[in-house]
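Engineer: no sequence on this one, just coordinates:
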Ligand SMILES: NC(=O)c1ccc[n+]([C@@H]2O[C@H](COP(=O)([O-])OP(=O)(O)OC[C@H]3O[C@@H](n4cnc5c(N)ncnc54)[C@H](OP(=O)(O)O)[C@@H]3O)[C@@H](O)[C@H]2O)c1
């Protein structure tokens with residue numbers, strides 16, 4: 001395998017899979033000169049097409065933000081979940097290994113079972129839903145196929161370019177008198193724009209697994225309370241979902257400088273959202 005250790009950020013040639021998603025769109029801003037592949041351009045389940053696209057572009061860094069992220073739907077569409085989130089990252093890793101590119105890939109807090117109050121990068125995994133199992137398979141396939149990987153586990157993403165909790169709360173708040181939100185699941189909300197910027201830094205870090213989130217832990221109810229006022233706490237039992245969720249999915253970052261608090265990131269996001277509504 002070929003290593004490229006001394007890349008000058010800004011001069012690197014980058015290829016982004018999943019360029020049309022919430023995080024992918026932010027990555028396109030951070031890496032404006034990247035080769036940007038959306039779902040419409042390539043299905044990452046197509047191994048030959050994936051390897052061919054990496055070989056053709058000859059990037060220094062491949063960033064994979066493509067995934068099947070509908071956590072509840074994954075329970076019903078297991079095959080699709082394992083193909084997109086589990087097997088396809090292995091194809092991308094193989095392409096990287098052949099061409100000597102670094103691979104940046106995103107994984108999730110849902111690879112943990114939620115029985116610990118916080119999780120270190122080295123903690124044992126134990127997913128409790130199909131999405132988590134499929135993402136864990138993706139991590140394992142990457143580690144098997146290339147040494148030059150950075151797997152970034154993140155959580156509770158929100159941002160301008162995709163379906164997310166913040167927007168759902170704002171929409172619901174205008175539709176019903178009171179929005180019930182669970183107060184017994186805890187995690188770290190993360191702004192996609194912050195994560196995209198941090199990704200640039202992680203490229204220069206040694207290969208391995210990274211926990212990257214905004215700082216601060218909260219329940220979904222506490223998160224909702226920072227967004228809307230007509231919100232009421234409830235338990236997970238009162239709000240059954242198709243996929244089980246870990247009680248605690250708090251990712252502890254032990255390897256790199258922390259990002260700002262999620263409340264500061266949220267304020268930034270809400271401002272940007274307002275500006276876009278006005279213009
Ligand atoms: N969202 C979260 O709260 C969260 C939390 C933890 C970790 N993550 C991880 O962070 C990463 C980015 O998530 P995100 O929220 O930006 O997801 P997203 O908005 O759902 O974007 C994922 C992108 O992947 C594309 N895609 C799906 N199947 C594909 C396929 N077979 N081939 C090519 N592209 C495909 C989607 O296209 P279509 O829309 O056309 O299907 C979409 O553009 C993912 O790895 C996710 O697992 C997300």
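Structural biologist: Sure, I can see it. Computed from a predicted model, the values in this text were never measured in an experiment. Residues are numbered from 1 along each chain as shown.
Engineer: what sits against residue 216?
Structural biologist: 188, 189, 261, 262, 263 (C-beta atoms under 8 Å, 6 or more residues apart in numbering). Using the backbone N, CA and C atoms, a C-beta is placed for each residue, glycine as well.
Engineer: quick one, phi psi at the residue in the stretch 1-150 of the chain that the ligand sits nearest to?
Structural biologist: The ligand sits closest to residue 21 of the stretch 1-150 of the chain, with a gap of 2.1 Å, by C-beta to the nearest ligand atom. Residue 21 adopts backbone torsions of phi -80, psi -180, taken as degrees, to the nearest 10.
Engineer: coming back round to it: just curious, which of the contacts of residue 216 is nearest to residue 156?
Structural biologist: residue 189 (4.4 Å; C-beta to C-beta).
Engineer: about what we covered before: can you pull the pLDDT of the residue of the stretch 1-150 of the chain closest to the ligand?
Structural biologist: pLDDT recorded at residue 21 is 98.
Engineer: For the ligand, tell me which of the contacts of residue 216 show up nearby.
Structural biologist: Among those, proximity to the ligand is found for none (C-beta under 6 Å from any ligand atom).
Engineer: The helix or strand that contains residue 153 pairs with which strands, and in what direction?
Structural biologist: Assigned by DSSP states H and E, residue 153 belongs to strand 149-154. Its sheet considered, strand 149-154 pairs with strand 102-108 (parallel), strand 208-211 (parallel) by DSSP bridges.
Engineer: The stretch 1-150 of the chain: strands as residue ranges?
Structural biologist: For the stretch 1-150 of the chain, applying DSSP state E, counting those that start in this stretch gives strands covering 14-17, 35-37, 61-64, 102-108, 149-154.
Engineer: and those, which is most packed in?
Structural biologist: strand 61-64 (a mean of 28; mean count of other C-beta atoms under 10 Å).
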